[in-house]
Structure formats: structure tokens, C-alpha cells
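Student: Return a 3D structure for these sequence lines:
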Amino acid sequence: MRLTEFQELLHTEFGVARGDALLTDHVIPALGGRTGAAAIEAGTDPRDVWRALCAEFDVPRTRW
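Tutor: This next block holds a predicted model:
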């Protein structure tokens, strides 16, 4: 997944302000105890970050 697609999904699902805050501030155990932003910076595929965020916040699987 391209980063631009990831950001579009993030902002559509959570809104711009909340999505950006979740990405930079929320630690996700499934990402090794990192934030989504830190995981992407470390080389994790944005698709994996998106799926982890969706699982963490109970987003219906149809939108993953």
C-alpha cells in the first residue's frame, strides 16, 4: 500500500485531526509497542499499520 493511500484511508475513517493523532500518539501492541508513525518510519508496510489500527479500534473488516 502506498503511503498516500494509507493517509486517505486513515483520514476517511477517523477524520484528519483524530487520524493524525492516532498515527503519531497511539501505541499499538501489534506493531511491537510502537506508534503507527514509528512503525512506518521503521519500514513496516503502511497496509500492516492500517490493519493494526483497524483491529485496535474495531473498524468493520469490510473497510480494512
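Student: Got the phi and psi for residue 5?
Tutor: Dihedral angles of residue 5 (phi, psi; degrees, to the nearest 10) stand at phi -70, psi -40.
Student: so what pLDDT did the most centrally placed residue in the chain get?
Tutor: Central residue of the chain (C-alpha atoms, centre = their mean): residue 50, 3.8 Å from the mean position. At residue 50, the model reports a pLDDT of 97.
Student: I would like the residues contacting the one helix or strand it maps to, please.
Tutor: Per DSSP states H and E, residue 50 falls inside helix 46-56. Contact with helix 46-56 is made by 1-3, 5-6, 9-10, 13, 22-23, 26, 28, 30-31, 36, 39-40, 59, 61, 63-64, as judged by C-beta atoms under 8 Å, 6 or more residues apart in numbering. (Each C-beta comes from the backbone N, C-alpha and C, glycine too.)
Student: same thing but 10 Å
Tutor: Outside helix 46-56, the residues that touch it by C-beta atoms under 10 Å, 6 or more residues apart in numbering are 1-7, 9-10, 13-14, 19, 22-23, 26-32, 34-40, 44-45, 59-61, 63-64.
Student: List buried members of these by neighbour count.
Tutor: 6-7, 9-10, 13-14, 19, 22-23, 28, 31, 34-36, 38-40, 44, 59 (16 or more other C-beta atoms under 10 Å).
Student: still on that earlier bit, restricted to strands, list the contacts of helix 46-56.
Tutor: 27, 28, 34, 35 (DSSP state E).
Student: show me what contacts the last one?
Tutor: Contacts for residue 35 were tallied using C-beta under 10 Å, 6+ apart; they are 22, 23, 24, 25, 26, 27, 28, 41, 49.
Student: One more pass at 8 Å, please.
Tutor: Contacts of residue 35 were listed using C-beta under 8 Å, 6+ apart, and they are 23, 24, 25, 26, 27, 28.
Student: dump the residue contacts of the residue nearest to the first one when sequence neighbours are not counted.
Tutor: Okay, so that is residue 23. Leaving aside its sequence neighbours, residue 23 sits nearest to residue 36 (C-beta to C-beta, 6 or more residues apart in numbering; 4.4 Å). Counting by C-beta under 8 Å, 6+ apart, residue 36 touches 22, 23, 24, 26, 28, 49, 52, 53.
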